[in-house]
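Student: Sequence first, predicted coordinates after that:
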Amino acid sequence: MKENYKNLKCFECDQVVAVVVSFNDAKAIINCVDALINQVGSIIVVDNCSNDEHRSILKDIEYSYINITFIYLLSNFGIGAAINSGLAVIDDKKFNWVLTMDQDSVPSRNMVKAMLIE
């Protein structure tokens, strides 16, 4: 079933929180955040013990957006543990859905809306 989601209003998108794992790829995390920022109510970026240069870029992003929370892990425990760290800080009363991604994933412009409508 093909539909055009461009003109559909997504009232429930604000009830979605995205947990995104990041590790040493500034360009990828910027692309991912840019693609998600207008699709979800909040983003939690979990840095999986990146180098100082990458963390510096994350700090710049952190100061640019109010609806992004950053968690900086002291060791790289893998993507599963990083996602669990992000899930641990979610306010269950505010969000009904969780979208998990790594930094290499770049959602299409209307992905969250399409998933909620389907």
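Tutor: Received the coordinates, thanks. Numbering: from 1, shown residues only.
Student: so which strand or helix has residue 60?
Tutor: helix 52-62 (DSSP states H and E).
Student: so how far is that helix off the chain centroid?
Tutor: Remark: helix 52-62 is offset 15 Å from the chain centroid, using CA atoms, centre = their mean, to the nearest Å.
Student: following it, which helix or strand shows up next?
Tutor: Counting by DSSP H and E, what follows helix 52-62 is strand 68-72.
Student: contact partners of that following strand?
Tutor: The contact list for strand 68-72 (CB atoms under 8 Å, 6 or more residues apart in numbering) reads 33, 37, 42-47, 55, 58-59, 61-62, 85-86, 89. To be clear about C-beta, it is placed using only N, CA and C from the backbone, and glycine gets the same treatment.
Student: Just the buried residues of those.
Tutor: Among the contacts of strand 68-72, the ones that count as buried by 16 or more other CB atoms under 10 Å are 33, 42-47, 55, 58, 61, 85-86.
Student: What residues of stretch 54-71 count as buried?
Tutor: Neighbour-count burial for stretch 54-71 [16+ other CB under 10 Å]: 54-55, 57-58, 61, 68-71.
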